[in-house]
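# Turn this into a model:
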Amino acid sequence: MSLDDIKSFSKENMAFDPTGHDFLHAQRVAKLAQKIYTEDFKKDETDIGLYVVKAASYLHDTIDEKVTADKKNRLREVRIILSHENIATPAREDILDIIQHMSYSDNIEHHYQLSNEGKCVQDADRLDALGAIGIARAFAYGGHAGQEIYDPKISVKEIKTHDDYRHHKSTTINHFYEKLLKLASSMNTRTGKQEASRRTKYMRDFLSEFQMETGVKDET
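Predicted coordinates:
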């Protein structure tokens, strides 16, 4: 089963995204998700679930509100692409379910139950928000969104709703405490938890260095 059309669609819609949700992000998520799936669920290259993992990884951000202003139409395009793939209906529906229900923002007020494949993609996506690449992506998105790096007058907020997450005034450093450092506790899989712990430590070390160099108060 070829992923060529899916990869092309992902690249076409995400290649030049400046927020950290570009095609290279999709590639990293696909690689990580495959690793998690094969290690935690002992699947091989012939398993249909591995195809679901790959396809959902490449498609997951194409419908994200940060990437498209017309999520409904983009989802319709994704459905068309999947209808041309030589896969059974359950696999196609699982891919659609994963990409619509895996995001952090969609799970703030309601925790969606994903398939094992979905759990792997969700973990991989969250892992890419951690570690060195997570730090780089955080500042890329903060600059794109017009956020300051840090402002001691802007306090860290407890995010309880989707609206809080999208519209409250924040800084990039605050974002580490409001979301990124909490991701490790949300991992679904053994492999995801192990890697998240390592990457989160790296981020905490960065924040300690940031505090030392700037004299800012550590929010933990």
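# ok, which stretches of this structure are strands?
Along the chain, no segments are classed as strands by DSSP state E.
# what about the residue nearest to the spatial centre of it, distance to residue 92?
Central residue of the chain (C-alpha atoms, centre = their mean): residue 125, 3.3 Å from the mean position. In this view, residue 125 and residue 92 are 20 Å apart by C-beta to C-beta, to the nearest Å. No exception for glycine: its C-beta is placed from N, CA and C like everyone else's.
# picking that back up, neighbours around the closest residue to the residue nearest to the centre of the chain other than its chain neighbours, how many?
Computed as C-beta to C-beta, 6 or more residues apart in numbering, the closest residue to residue 125 that is not its neighbour in sequence is residue 29, at 5.1 Å. Using other C-beta atoms under 10 Å, residue 29 has 26 other residues around it.
# cool, and residue 146?
Residues near residue 146, counting by other C-beta under 10 Å: 6.
# now for the helix or strand of the chain with the lowest mean pLDDT, which elements pack on it?
Every helix and strand in the chain was compared by mean pLDDT, DSSP states H and E; the lowest is helix 162-167, with a mean of 80. Contacting helix 162-167 under the criterion 3 or more C-beta pairs under 8 Å, 6 or more residues apart in numbering; DSSP states H and E is no other helix or strand.
# which residues sit against that helix?
104-106, 108-109, 157, 159, 179 (C-beta atoms under 8 Å, 6 or more residues apart in numbering).
# Many thanks, I have nothing further to ask.
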